[in-house]
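1. missing the sequence, but the structure's below:
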């Protein structure tokens, strides 16, 4: 009887995992379809001159979408259930893509209706960003919540789920790059219709799982009580208190124990611990957004699509690396007695991103030498003509291999880490906080490149990282980022050694795990 119940439970969890993965896959087809050709659309004849800065436009949109993930996570934690947050976000997302379809229609008119196309496009992007904020921070968490928390191999099940969930994300990205982006090149309106349909399909697939497969939502989670715990501690900051062994922050928060439940105070302490970890992700995401700014020749297809299709190398690397790491590398390390902790995996991923940036610097040196030696041809990128080095695009494969391996070890593990280490009452908010670092990384990328150009101009009278890379020294910018990322990784590994892993079940902190000693300190 028990065996039949376990089989039925496994079947339900397996089905819901597939549904969540397919829903996220469809949503990512739409998202990356919008981002992939945003540069081409914003530099087209439909846009006025002030908008002809495609890289900045992409960074601002991506940053805005990921900044809103924290709002989406908070809505699911404190206002409405996670299911309705996801469904409502996908509905807003769908309306946003409809605006993009109408904008593309007016853009295709002869003459184009610029006064209608541009406002509709901007409005559509804003709605898409809002929809992304609600779905991105909650869909993976909702899928992970379907696993019974008292399962004896829960950690392994969650690890497997997040690996294949991220695999679905990159399948969606690959479909978008190979299919939707190409369709938008030859038929812009048709491309946006496909994007709109993908969002609709994502919502319909997600609703299917409600038909008896999803675990019921636990209702509103009181994340605001954590904030009240911080306020309570602040109000009592002037009172004497017994010195706690954990340091000044713990002593300050222990003042809240006078009026708040101990679990709430522990949640506040855990949030501060996670915040230090998350701050190290800002520079990682900054490198992630900068790693593809090279001009290489086309290798087939419509003119101007080389930068889009080049991303396929990154997606292919991730799709191949995920099963290799999950089925071969991680199990082998466990068998030899050197199983990596979550933070150790993330730290290694950050080191790989440093290697990826160094590879990008070497490619840029070689590329510019080819141009300076006359080994180039004129290439059309949207409305612009550039001198593109006459060299194979495959010289960037090592860079994308390293970048893909880095994503697998850093981002997949990061989502698993959030789910297992975030306080039960604030998982959506904490996941949104992690993704917020992605948005800040995009904005920091803009500011960092401007700062680098200002410094180089003051030193040499030239910008080393201009829009026209042939006139600059972009390799120094990549090395500049690599050095900063290396320092960031060292600081992250320092934090990882001091971090105490938690074990949460049923809204309670059960154990404070000492990884080095291998023994839990049980919280009663």
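-> Cool, got the structure. Fair warning: this is a prediction, and the values are worked out from it, not measured in the lab.
2. Averaged pLDDT, stretch 476-490. What do you get?
-> Averaging pLDDT along stretch 476-490 yields 92.
3. Please tell me how far residue 347 sits from residue 436.
-> Distance of residue 347 to residue 436, computed by C-beta to C-beta, to the nearest Å: 21 Å. Backbone N, C-alpha and C define where each C-beta goes, glycine included.
4. With residue 113 instead?
-> In terms of C-beta to C-beta, residue 113 sits 36 Å off from residue 436.
5. more crowded one of those two?
-> Counted by other C-beta atoms under 10 Å, residue 113 and residue 436 do not tie: residue 436 has more neighbours, with 25 against 16.
6. any idea whether the more buried one is helix, strand or coil?
-> Recorded secondary structure, residue 436: helix (DSSP: H, G, I helix; E, B strand; the rest coil).
7. mind showing which ranges of this protein have poor pLDDT?
-> Across the chain, the ranges flagged by pLDDT under 70 are 1-11, 48-54, 110, 112, 114, 212-264, 291-311, 379-385, 467, 504-524.
8. Could you check the helix or strand containing residue 482 and say which residues are buried?
-> Using DSSP states H and E, the element containing residue 482 is helix 474-498. Buried residues in helix 474-498, counted by 16 or more other C-beta atoms under 10 Å: 474-482, 484-486, 488-489, 492-493, 496.
9. now the strands for the stretch 351-500 of the chain?
-> Ranges of strands within the stretch 351-500 of the chain are 376-381, 384-389, based on DSSP state E, counting those that start in this stretch.
10. What helices and strands are in contact with the helix holding residue 482?
-> Here helix 474-498 is seen to pack against helix 262-290, helix 342-372, helix 427-460 when contacts are counted using 3 or more C-beta pairs under 8 Å, 6 or more residues apart in numbering; DSSP states H and E.
11. So which elements touch the longest one?
-> The reference is to helix 427-460. When contacts are defined as 3+ C-beta pairs under 8 Å, 6+ apart, helix 427-460 packs onto helix 54-67, helix 69-74, helix 139-144, helix 262-290, helix 413-421, helix 474-498.
12. 6 Å - rerun?
-> Here helix 427-460 touches helix 54-67, helix 69-74, helix 262-290, helix 413-421, going by 3 or more C-beta pairs under 6 Å, 6 or more residues apart in numbering; DSSP states H and E.
13. same question, the first one
-> For helix 262-290, the packing partners by 3+ C-beta pairs under 6 Å, 6+ apart come out as helix 224-235, helix 248-254, helix 342-372, helix 427-460, helix 474-498.
14. can you put the ones you listed in a markdown table and add distance to residue 104?
-> Formatted as a markdown table, the helices and strands packed on helix 262-290 follow (distance: least, C-beta to C-beta, whole Å):
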| stretch | distance to residue 104 |
| --- | --- |
| helix 224-235 | 42 |
| helix 248-254 | 52 |
| helix 342-372 | 33 |
| helix 427-460 | 24 |
| helix 474-498 | 33 |
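15. To residue 25, which of these lies closest?
-> Across these, residue 25 has its closest neighbour in helix 427-460 (18.1 Å, C-beta to C-beta).
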